[in-house]
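[1] need the 3D shape of this:
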Amino acid sequence: MFKSLQTRILLYSLLIASVPVLILGIISYGSQRSLLEKEARNALNAGSLNIVNETYNYLNERISDVKLMSANSVVINPDSSKEEKSVELKKFIDAKGNYYGILYLDLEGNVIVDTSNKMIGDRFANRIWFKEALEGHEFLSDVNKTKAYTEPFIAVSAPVHDVTGEMIGVVSPAFRLERLWEMMEKKANEISDKYPVNFFMINQEGIMISKKDPHGVLKDSALEEMGLTKEKLMEASISDELYSAENGEKIYSIQPVHTIAQTENKWFVVVGADKKQVFQPLHDLLTRYLIIYSIVFVSIILAVYLLTRTLVRPVQDLVVATEDFIEGKEFVVSDKSSFEEMEKLHLAFVRMMETIEDREKEIVRTEKLKYVGQLAAGVAHEIRNPLTTIKGFFQLLKSQDHDKTLIEKYSDVMLDEVDRVNVFVTQLLDLAKPHQLEWEKLDLKDLIDEIIDTYTSSTPSSHVKLINGLSQSVFVYSDKNRLRQVLLNVLNNSCEAIDGNGQIELRMTAVSQYVNLMIRDDGKGISPENLKNIGMPFYTTKPDGNGLGVATCIQIMEELKGKFQIESTYSEGTKVTLVIPTTNRLIK
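    Predicted structure coming up:
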């Protein structure tokens, strides 16, 4: 992987060019995200603080109102009738316009005056707002619902003292949540013109104090919706950081609401926004950045590809020319223009190839002379011995009387020596002379069976056991007579290598387009020093051998488009493998 020069240059260039761009993009993305988060935090916190301040002012106005009601001269006069107190309180409602109605209760919690005339005679002694008023405190209740009012409301309560300072009752107006919502909505619209926000007020139990749909106020629990607990709500309310909902889709600014009156629970203003809308500019930036990065990346790939083509093409041409030279073709360098260093390399290769050709010619000439010398020495050695014998017998015949018996004896010896010379010359011609091959499709199993039958019947080798491991027909393309010659030579050599009892085993394995015929014996084997010289003409370890047998077998197998391979371990045995083609496509 990544072994080619072009691939490596392309990879390194992309790394060098794209990594800084990627790092710059990540840094830019991170800084933009941090900036947007900061802007969102500032906007939501500022908005929630504005709402808190307005809520504070709004609620304090309601508390001031109840204080005014509790100090009204008619209300504090024990001698005033219920009707007079009701008329006075109705005037107050009509002037303010923020209230559903006002209750006046005695110290037992009984409703004496109700401006709406819906709860006269009702008893609220157990209500917390009444109890707190009896303790002398102004008090704001959580959201309430009663049968008298169809919509939720917040009750405000305050004690009523007469002119002597003695408590005589409790006054409790119920003001409208719509007005509180309108105030919050007005401030929320000032938060941001980039994305919409949602806002509401809750208590520490998560119950909505104010939201757009007042009919659902008491039914909703904001804590569960936001993934908050009471403890987390308190922590978030004292932190400037935005709280992220557990589902990851919303972020909130949570601020506590303070009033001059006591409340049943702590109140909080919550201003939230959708994360997708807050970070939409960031997503747009990321999209633009990815488009730019893709364009840069593709441009880099194209530019580097063209550059690598310019750099690698001359090298590839040089490789092709070198491979052609190895196959025996002329070394031709491309005449296409290239960079200076590559042209110098081409010239250096041309000079190197010319030098190699000259040295190859010299080596071939030297090898030819060496081979001719070895051949001449072998021929001289093999022919001189029989000629010396023949010459000696002629000299004996010349110096002695012509005894017919002696002549016949000497003549037989001389004829044997002539036959010996004839056999040697025949083997030498087999090695040197090309043969007209007769290619045919052969069943290798039938040929082996035939050779084994012929060999065992004509050769006194009872000490050697032949094991034929070919159990099924295998077809090969070869010259039957030439292949038979190789097999007989190998069997003869294996048999001669076995001194005592032994065996010769024939096995076959099939590979792609070839059959490997293995002939293994358990003879004395060949030493490593002799094994490396096996196949050289006239090299032999046999006393009466001439060293042409194995060389001839190698020559024949090359003519048959196969191979002759020999492996041996001294004192353990020898294995000869004949690689034989199974298809005529290999025959040219």
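[2] okay, now the unreliable bits of the stretch 401-550 of the chain?
    For the stretch 401-550 of the chain, applying pLDDT under 70 flags the ranges 401-410, 413, 416, 419-435, 457-462, 535, 537-547.
[3] what mean pLDDT does stretch 125-144 get?
    Average pLDDT, stretch 125-144: 88.
[4] report the buried residues of it.
    Of the residues in stretch 125-144, 127-134, 138-143 count as buried by neighbour count, 16 or more other CB atoms under 10 Å. (Each C-beta comes from the backbone N, C-alpha and C, glycine too.)
[5] taking those residues one by one, which sit in helices?
    128-134 (DSSP state H).
[6] and the longest strand seen in the chain, what's its mean pLDDT?
    Counting by DSSP state E, the longest strand found in the chain is strand 149-161. Strand 149-161 shows a mean pLDDT of 85.
[7] residue 321: which element?
    Element membership for residue 321 (DSSP states H and E) is helix 280-326.
[8] what packs against that helix?
    Here helix 280-326 touches helix 5-70, helix 340-399, going by 3 or more CB pairs under 8 Å, 6 or more residues apart in numbering; DSSP states H and E.
[9] rank those helices by mean pLDDT and give me the bottom one.
    Among those, helix 340-399 carries the lowest mean pLDDT, at a mean of 67.
[10] which residues in the stretch 151-300 of the chain form strands?
    Ranges of strands within the stretch 151-300 of the chain are 167-176, 197-203, 208-210, 243-244, 250-257, 262-263, 267-274, based on DSSP state E, counting those that start in this stretch.
[11] quick revisit: pick out the most distant pair among the buried residues of stretch 125-144.
    Farthest apart among those by CB to CB are 134 and 143. That separation is 22.0 Å.
[12] how about low-confidence regions in the stretch 151-300 of the chain?
    Filtered on pLDDT under 70, the stretch 151-300 of the chain yields the residue ranges 191-194, 210-221, 246-247.
[13] about what we covered before: show me which of the ones in helices among the buried residues of stretch 125-144 is closest to residue 164.
    Nearest to residue 164 among those, with distances taken as CB to CB, is residue 134, at 17.6 Å.
[14] just checking, that closest one touches residue 159?
    Yes. Judged on CB atoms under 8 Å, residue 134 makes contact with residue 159 at a distance of 6.8 Å.
[15] shared neighbours of these two, which are they?
    167, 170 (CB atoms under 8 Å, 6 or more residues apart in numbering).
[16] so residue 108 belongs to a strand, correct?
    No. Under DSSP: H, G, I helix; E, B strand; the rest coil, residue 108 sits outside any strand and is assigned coil.
[17] chain neighbours aside, what residue packs nearest to it?
    residue 125 (6.3 Å; CB to CB, 6 or more residues apart in numbering).
[18] how far does stretch 354-364 sit from its chain's centre?
    Taking CA atoms, centre = their mean, to the nearest Å, one finds stretch 354-364 lying 51 Å from the centre of the chain it belongs to.
[19] only C-alpha atoms, please: export that stretch in PDB.
    The C-alpha trace of stretch 354-364 is given here as PDB (Å, rounded to 0.1, in the frame of the first residue of the first chain):
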ATOM      1  CA  GLU A 354      25.600   0.500 -23.500                       C
ATOM      2  CA  THR A 355      28.200  -0.500 -21.000                       C
ATOM      3  CA  ILE A 356      26.100  -3.500 -20.000                       C
ATOM      4  CA  GLU A 357      25.600  -4.600 -23.600                       C
ATOM      5  CA  ASP A 358      29.400  -4.400 -24.200                       C
ATOM      6  CA  ARG A 359      30.100  -6.400 -21.100                       C
ATOM      7  CA  GLU A 360      27.400  -8.900 -21.900                       C
ATOM      8  CA  LYS A 361      29.000  -9.400 -25.300                       C
ATOM      9  CA  GLU A 362      32.400  -9.900 -23.600                       C
ATOM     10  CA  ILE A 363      30.900 -12.300 -21.100                       C
ATOM     11  CA  VAL A 364      29.200 -14.300 -23.800                       C
END
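[20] who touches that stretch?
    Counting by CB under 8 Å, 6+ apart, no residue outside stretch 354-364 touches it.
[21] again, but for stretch 48-65
    With CB under 8 Å, 6+ apart as the test, stretch 48-65 has contacts from 92, 96, 98, 138, 140, 154, 156, 158, 173, 175, 179-180, 183-184, 187-188, 190-191, 199, 201, 253-261, 269-271.
[22] so how do I select the buried members of the residues you listed in PyMOL?
    With 16+ other CB under 10 Å as the burial test, the buried ones among the contacts of stretch 48-65 are selected in PyMOL as follows:
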select buried, resi 92+96+98+138+140+154+156+158+173+175+179+180+183+184+187+188+191+199+201+253+254+255+257+259+261+269+270+271
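[23] residue 69 is in contact with residue 90, isn't it?
    No. Taking CB under 8 Å as the definition, residue 69 is not a contact partner of residue 90, at 11.4 Å.
[24] ok, those two, which is more surrounded?
    Using other CB atoms under 10 Å as the criterion, residue 69 and residue 90 rank with residue 69 on top: 23 against 15.
[25] for the more buried one, give me its contacts.
    For residue 69, the contact set (CB under 8 Å, 6+ apart) comprises 75, 89, 92, 102, 158, 171, 173.
[26] what does the residue nearest to the last one when sequence neighbours are not counted show for phi and psi?
    It refers to residue 173. The shortest distance from residue 173 to any non-neighbouring residue, by CB to CB, 6+ apart, is to residue 102 (4.4 Å). The phi/psi pair for residue 102 (degrees, to the nearest 10) reads phi -130, psi 130.
[27] ok, now which ones touch residue 102?
    By CB under 8 Å, 6+ apart, the contact set of residue 102 is 69, 89, 92-93, 113-115, 171-174.
[28] show me which of the residues you listed is closest to residue 555.
    Using CB to CB, residue 174 comes nearest to residue 555 of those, at 121.9 Å.
[29] that closest one touches residue 101, doesn't it?
    Yes. Counting by CB under 8 Å, residue 174 does reach residue 101; the two are 6.1 Å apart.
[30] quick revisit: reformat the ones in helices among the buried residues of stretch 125-144 as CSV; add distance to residue 346.
    As requested, these are exported to CSV (distance: CB to CB, whole Å):
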residue, distance to residue 346
128, 101
129, 102
130, 107
131, 106
132, 103
133, 107
134, 110
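[31] among those, which one sits closest to residue 498?
    Taking CB to CB as the measure, residue 498 lies nearest residue 128 of those, at 118.9 Å.
[32] not counting sequence-adjacent ones, nearest residue to that closest one?
    Closest residue to residue 128 apart from its sequence neighbours, by CB to CB, 6+ apart: residue 264 at 5.6 Å.
[33] look up phi and psi at the one you found.
    phi -70, psi -40.
[34] and it, what does it touch?
    Neighbouring residues of residue 264 by CB under 8 Å, 6+ apart: 128-129, 139-142, 203.
[35] neighbouring contacts of stretch 75-88?
    Contact partners of stretch 75-88, identified using CB under 8 Å, 6+ apart, comprise 69-70, 72, 74, 89, 104, 112-115, 160-163, 168-169, 171.
[36] try it again with 10 Å
    Outside of stretch 75-88, the residues within contact range by CB atoms under 10 Å, 6 or more residues apart in numbering are 68-70, 72-74, 89, 92, 102, 104, 112-117, 120, 160-164, 166, 168-169, 171.
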